[in-house]
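Chemist: can you look at this prediction? I've put the sequence above it.
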Amino acid sequence: PIAKGPEPAPPVPEQHPNPTEPAHSLALEPSVSASSPLLRMKKRSRTVVILCSSEGMGSDLRNRLLEEGYGRVVLVREPSELFSAAAQPGVALAFIDAGLSDLQDLEVAEALREHVLEVPIVVAAEHVSAAFVLAARRAGVSQLLVKPYALDAAFSALLEEQMGID
């Protein structure tokens, strides 16, 4: 008897994409990636003011934001310096990690809100309770951040969201 080889596989019918369904590999909505020119331009046009009494953390934070492409990052050490720095044109966010008590940080935020009305204020706090959240909201704080915080992608996304560039 003659040995027969395996039978050939039946031909696979050619797949035609459904014209009413979008192809999954195509991006239909424009997205702003971390390296997009639009995001870089938005960041370059923003100034961030940081009140941080810790020299190491303040420098790390400033360097991180400059590396991310923010046009100007102003680091101040004293609450009295914050008001004049935040009143400059182009300021898009004030970040307060003053090393004071959490309630004193809220007092600084409230005073800043009275001087500069439209700037989002992010406050880093040691202890966050429901009462503290309410007090922060009354003081005009846009976002609370619990210490210790990492200078990572989530931190960057939080700042971008507060500045409206997410």
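Modeler: Looks like it arrived, so ask away. Keep in mind the model is a prediction, meaning the values are calculated, not measured.

Chemist: quick one, what contacts the closest residue to His115 other than its chain neighbours?
Modeler: Residue nearest to His115 in three dimensions, not counting chain neighbours: Phe83, with 4.9 Å by CB to CB, 6 or more residues apart in numbering. All C-beta spots, glycine's among them, are computed from the backbone N, C-alpha and C. If a contact means CB atoms under 8 Å, 6 or more residues apart in numbering, then Phe83 has 111-112, 115-116 as its contacts.

Chemist: if we use 10 Å, what do you get?
Modeler: Residues counted as contacts of Phe83 (CB atoms under 10 Å, 6 or more residues apart in numbering) are 49, 51, 76, 94, 108, 111-112, 114-116.

Chemist: how much space separates it from Glu107?
Modeler: Phe83 is 13 Å from Glu107, where distance means CB to CB, to the nearest Å.

Chemist: next: Glu160.
Modeler: Distance from Glu160 to Glu107, by CB to CB: 27 Å.

Chemist: neighbour-wise, which of the two wins?
Modeler: Shown here are Glu160 and Glu107; by other CB atoms under 10 Å, Glu160 has more neighbours (19 against 14).

Chemist: now do the SS call for the more buried one.
Modeler: What DSSP: H, G, I helix; E, B strand; the rest coil gives for Glu160 is helix.
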